[in-house]
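[1] sequence? don't have it. structure:
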């Protein structure tokens, strides 16, 4: 299936970009985290607390495997940890064209502070250090999947969307 798959770190704008691309391209938008949260009738944080991270990662895998079979082209936003999980890596490229929203640590930190993002992996002391460590670990993985890579947080949103749409036309 040739979905348009959006990946990136927490705060990179995956949902906002996905919704805008959905509107502009006339395609349905799916946020994998929201699909799981709705299916479980719990927040992501509650799922992590109640069942643990491995359980949540298994739910992510089941969700993206289902999307591979989905014949209707969609804009799909993946959770920031999904591409890092080895069991998911073989499925991501099967989903379609992968767009990596790359953001600097400063931009991502500022956005997450403003959004009330309560990612369970960043809880506790040294939130900034945890974030930087995760970003350093994940960035090369995200880049390895990317068919298209754009830098977020340095230009106006409409310009970012135009850049992505132009690059999608080239694919």
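    Now that the structure is in, tell me what you want to look at. No experiment lies behind these values; they were computed from the predicted model shown.

[2] pull the longest helix from this protein.
    Of all the elements of type helix in the chain, the one with the most residues (DSSP state H) is helix 127-145.

[3] What is that helix packed up against?
    When contacts are defined as 3 or more Cβ pairs under 8 Å, 6 or more residues apart in numbering; DSSP states H and E, helix 127-145 sits against strand 3-8, helix 86-95, strand 96-102, helix 105-115. All C-beta spots, glycine's among them, are computed from the backbone N, C-alpha and C.

[4] I'd like those as JSON lines, with mean pLDDT and distance to residue 41 appended.
    Below are the helices and strands packed on helix 127-145 laid out as JSON lines (pLDDT from 0 to 100; distance: least, Cβ to Cβ, whole Å):
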{"stretch": "strand 3-8", "mean pLDDT": "96", "distance to residue 41": "25"}
{"stretch": "helix 86-95", "mean pLDDT": "90", "distance to residue 41": "23"}
{"stretch": "strand 96-102", "mean pLDDT": "96", "distance to residue 41": "29"}
{"stretch": "helix 105-115", "mean pLDDT": "68", "distance to residue 41": "23"}
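
[5] winner for burial among these?
    A comparison of these by mean neighbour count, using mean count of other Cβ atoms under 10 Å, puts strand 3-8 on top with a mean of 26.

[6] Quick check: next helix or strand after it?
    Once the chain leaves strand 3-8, the next helix or strand it forms, by DSSP states H and E, is helix 14-25.

[7] Could you figure out how far that next one is turned away from strand 3-8?
    An angle of 150 degrees separates the directions of helix 14-25 and strand 3-8 when computed by axes from the mean of the first three to the mean of the last three Cα atoms, to 10 degrees.

[8] Could you pull out the buried residues of helix 14-25?
    Going by neighbour count (16 or more other Cβ atoms under 10 Å), the buried part of helix 14-25 is 14, 16-18, 20-22.

[9] Contacts for that helix next, please.
    Under the criterion Cβ atoms under 8 Å, 6 or more residues apart in numbering, residues 4, 6-8, 27-29, 31, 75-78, 80, 99, 101, 152, 157, 160-161, 164-165, 168 lie in contact with helix 14-25.

[10] Which of these are buried? Put it as a ChimeraX command.
    Buried members of these, defined by 16+ other Cβ under 10 Å, are picked up in ChimeraX with:
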select :4,6,7,8,27,29,31,75,76,77,78,80,99,101,152,160,161,164
